[in-house]
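Q: Sequence unavailable; structure follows:
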């Protein structure tokens, strides 16, 4: 279901060996062990859920930004994305996802940095590094609460290929297909948007299995499971996780 137009377009500019793999994800032949090595999931504690209403899940022409591809997206919410850093400044950096979507990450004094679960200084974020950025997402911009550097990572290339992620193409509709377990009673717009550590943990778990797009919100469903919503790709848009943050399926 392509209910939101993506926030960016795949690009083709190469910048180093790992950057090339990220921009041309479909040609990657990495084995399954790189998926685990390349997408280290930060261990975060579970905090309380947010209190946004179900109505906040629907597109809003008054409160929402308009991405490059056109069409409304949800109001800013906690989420994140994975990719390879391609530029760095004093207070921000950019990276490309496995499907070539350009993401801008804004840093501030509250941003924390990790390699795995170990705290590290901000200087570890360098051009060419694979990172997972978590925080407040507004279309293709993330105000980072946490950045995890993934040593020897590929920016999600191998995982995206294994999951069959389809990059965004203007005017091409999303396929109606699903993988794994999809809640039979799920309806787009149901549930409550969550934030903080809960959203971080769900985003990290989702991006470890289905990277390539940008998670722009995490929703707690009535049965205790989570729906993680992705933009900037043609498929999949919805990733479902159980209460223990294990990916159940996606569509």
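A: Structure's in. What do you need? All values reported here derive from a predicted model rather than from experimental measurement.
Q: for the residue nearest to residue 246 when sequence neighbours are not counted, helix, strand, or coil?
A: Leaving aside its chain neighbours, residue 246 sits nearest to residue 205 (7.1 Å; criterion: C-beta to C-beta, 6 or more residues apart in numbering). Quick note: C-beta positions are derived from backbone N, CA and C, even for glycine. On the three-state scheme (DSSP: H, G, I helix; E, B strand; the rest coil), residue 205 is labelled helix.
Q: tell me which helix or strand of this protein sits lowest on mean pLDDT?
A: Using mean pLDDT, DSSP states H and E, helix 32-38 stands out as the lowest-scoring helix or strand of the chain, at a mean of 35.
Q: Quick one: neighbours of the residue nearest to residue 246, just the number.
A: When neighbours are counted by other C-beta atoms under 10 Å, residue 205 registers 21.
Q: again with residue 77
A: 23.
Q: If I look at it, what pLDDT would I see?
A: Note on residue 77: pLDDT of 98.
Q: what do you get for residue 71?
A: Residue 71 is given a pLDDT of 37.
Q: helix, strand or coil for residue 175?
A: Using three-state DSSP, the structure places residue 175 in coil.
Q: so where is the protein shaky, pLDDT-wise?
A: Low-confidence segments of the chain (pLDDT under 70): 1-74.
Q: Please enumerate the helices of it.
A: 17-23, 32-38, 157-163, 196-209 (DSSP state H).
Q: Which strands and helices lie in contact with the last one?
A: Contact partners of helix 196-209 among helices and strands, from 3 or more C-beta pairs under 8 Å, 6 or more residues apart in numbering; DSSP states H and E: strand 77-88, strand 130-138, strand 141-149, helix 157-163, strand 214-220, strand 226-231, strand 238-241, strand 247-250.
Q: Let me have the ones you listed in TSV, extended by distance to residue 177.
A: Shown next, in TSV, are those (distance: least, C-beta to C-beta, whole Å):
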stretch	distance to residue 177
strand 77-88	22
strand 130-138	25
strand 141-149	28
helix 157-163	12
strand 214-220	20
strand 226-231	15
strand 238-241	12
strand 247-250	10
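Q: Report the contact partners of the residue nearest to residue 246.
A: Counting by C-beta atoms under 8 Å, 6 or more residues apart in numbering, residue 205 touches 41, 241, 245, 246, 247.
Q: same question, residue 109
A: No contacts exist for residue 109 under C-beta under 8 Å, 6+ apart.
Q: Residue 224 versus that one, what's the distance?
A: 35 Å (C-beta to C-beta, to the nearest Å).
Q: cool, residue 186 as well?
A: On the measure of C-beta to C-beta, residue 186 and residue 224 end up 13 Å apart.
Q: Likewise for residue 169?
A: 35 Å.
Q: got it, and residue 188?
A: 19 Å.
Q: Which of those two has more residues huddled nearby?
A: Higher neighbour count among residue 188 and residue 224: residue 188, with 14 against 9, using other C-beta under 10 Å.
Q: my read: residue 105 touches residue 148, true?
A: No. Counting by C-beta atoms under 8 Å, residue 105 stays clear of residue 148, with 11.9 Å between them.
Q: Give me the common contacts of the two.
A: Residues touching both residue 105 and residue 148 (C-beta under 8 Å, 6+ apart): residue 131.
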